[in-house]
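Chemist: the amino acid sequence is not available; the structure is as follows:
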């Protein structure tokens, strides 16, 4: 293709890209326009490569290079801004959002942690009750996981220490699966989220009560106290996000149900982003810290208490100096 034909074919795209660059450099671009920036930049780079390969004039190549250089600078700035936005959300936006949605968070915590506590106490007081909630084979499997003679605790009990990274992946998939199930079922008018909060609370409470009753206190509780701060809190928050969706369908107010659901989903998805981050932390702690038996129970309790305190401070105080709740 001749240079004149090449320029005629793509000149309008180059001018549009240059205009977009000017807007971005002055902070005046519209969001819908800047969304195409990466695609436009890649296309310009392709045109530059073609111009160089075909030996077009230095004037054309230099002008395209200048546009590519300006585009690269904007791309770097956008990535830096994205990283800053993610950090700001983690440090301030997420805990502030949790406090803003305190009604749904409170209900989810009451259902989840309340069922854990109540079921644990009942199973501890009436040991045979555990078999009404769990199959005997599942009970036996749980006992094996926290047997004091094990060198590794939890689901990692039968694995080697060098395979902790495999368990890290397992915990991520398992925990995120539970959280997503609890969140997404909120579309069933919130009843699905309530069900899974209650169900998971019953199962966790049954395990806790049973293992405490048979004397596995020094293995079970040191194992769960560390990662539980992030994992259990994340499950409750995923339920709160689901309840947010369900309430939008039950009580949409003056909006249509579809409009109310879209608004609620914008908030709920942000909660889920924070939940995923907490579950990643929980999986890391569970794989590389909780399952180890070469630390004393006192050490495990101390670290676990500090982690619970950290989560509490983070959710109650995080972001207070950035914007009002």
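Modeler: The structure has been received and is ready for your questions. What you see is a predicted model, and the numbers here were worked out from it, not measured in a lab.
Chemist: for the rest of this, base every contact and every neighbour count on C-alpha atoms.
Modeler: Noted.
Chemist: report the central residue of this protein.
Modeler: residue 276 (1.4 Å; C-alpha atoms, centre = their mean).
Chemist: Provide a list of residue ranges in this protein with pLDDT below threshold.
Modeler: Confidence mapping of the chain against pLDDT under 70 gives the ranges 27-35, 78-83, 151-165, 322-325.
Chemist: contacts only, for the residue nearest to the centre of the chain.
Modeler: Contacts for residue 276 were tallied using C-alpha atoms under 8 Å, 6 or more residues apart in numbering; they are 176, 234.
Chemist: what's the spacing between it and residue 103?
Modeler: Applying C-alpha to C-alpha, to the nearest Å, the value for residue 276 to residue 103 is 21 Å.
Chemist: quickly find the element holding the residue nearest to the centre of the chain.
Modeler: Secondary structure assigned from DSSP states H and E places residue 276 in helix 257-285.
Chemist: is residue 17 in contact with residue 39, as I believe?
Modeler: No. Judged on C-alpha atoms under 8 Å, residue 17 makes no contact with residue 39 at a distance of 10.4 Å.
Chemist: of those two, who's got more company?
Modeler: Between residue 17 and residue 39, counted using other C-alpha atoms under 10 Å, residue 17 has the larger neighbour count: 21 against 10.
Chemist: mind listing what that one touches?
Modeler: Applying C-alpha under 8 Å, 6+ apart, the residues near residue 17 are 40-41.
Chemist: mind checking the SS state of it?
Modeler: helix (DSSP: H, G, I helix; E, B strand; the rest coil).
Chemist: follow-up on the earlier one: which residues are contacting the following helix or strand past the helix holding residue 276?
Modeler: Next helix or strand after helix 257-285 toward the C-terminus (DSSP H and E): helix 297-317. By C-alpha under 8 Å, 6+ apart, the residues outside helix 297-317 that reach it are 95-96, 98-99, 218-219, 222-223, 225-227, 229-230, 290.
Chemist: follow-up on the earlier one: overlap in contacts, residue 17 and residue 39.
Modeler: Joint contacts of residue 17 and residue 39 (C-alpha under 8 Å, 6+ apart) do not exist.
Chemist: ranges for the strands of this protein?
Modeler: With strands called from DSSP state E, the chain shows none.
Chemist: most surrounded residue in the contacts of helix 297-317?
Modeler: Ranking those using other C-alpha under 10 Å puts residue 290 first, with 28 neighbours.
Chemist: pretty sure that residue sits against residue 227.
Modeler: Yes. Applying C-alpha under 8 Å as the test, residue 290 and residue 227 come out as touching, 7.0 Å apart.
Chemist: so can I have JSON lines of the contacts of helix 297-317 showing distance to residue 239?
Modeler: Formatted as JSON lines, the contacts of helix 297-317 follow (distance: C-alpha to C-alpha, whole Å):
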{"residue": "95", "distance to residue 239": "16"}
{"residue": "96", "distance to residue 239": "17"}
{"residue": "98", "distance to residue 239": "12"}
{"residue": "99", "distance to residue 239": "15"}
{"residue": "218", "distance to residue 239": "30"}
{"residue": "219", "distance to residue 239": "29"}
{"residue": "222", "distance to residue 239": "26"}
{"residue": "223", "distance to residue 239": "24"}
{"residue": "225", "distance to residue 239": "21"}
{"residue": "226", "distance to residue 239": "21"}
{"residue": "227", "distance to residue 239": "18"}
{"residue": "229", "distance to residue 239": "16"}
{"residue": "230", "distance to residue 239": "14"}
{"residue": "290", "distance to residue 239": "25"}
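Chemist: ok, now how distant is residue 23 from residue 70?
Modeler: 12 Å.
Chemist: any common contacting residues for these two?
Modeler: Contact criterion C-alpha under 8 Å, 6+ apart; residues shared by residue 23 and residue 70: none found.
Chemist: looking at the contacts of helix 297-317, which is nearest residue 243?
Modeler: Relative to residue 243, the closest of the contacts of helix 297-317 is residue 98; by C-alpha to C-alpha it sits at 13.0 Å.
Chemist: distance of the closest one from residue 263?
Modeler: Counting by C-alpha to C-alpha - residue 98 and residue 263 are separated by 16 Å.
Chemist: just give the number of residues close to residue 255.
Modeler: Neighbours of residue 255 (other C-alpha under 10 Å): 12.
Chemist: pretty sure residue 119 contacts residue 202?
Modeler: Yes. Residue 119 lies in contact with residue 202 (C-alpha under 8 Å); the separation is 5.8 Å.
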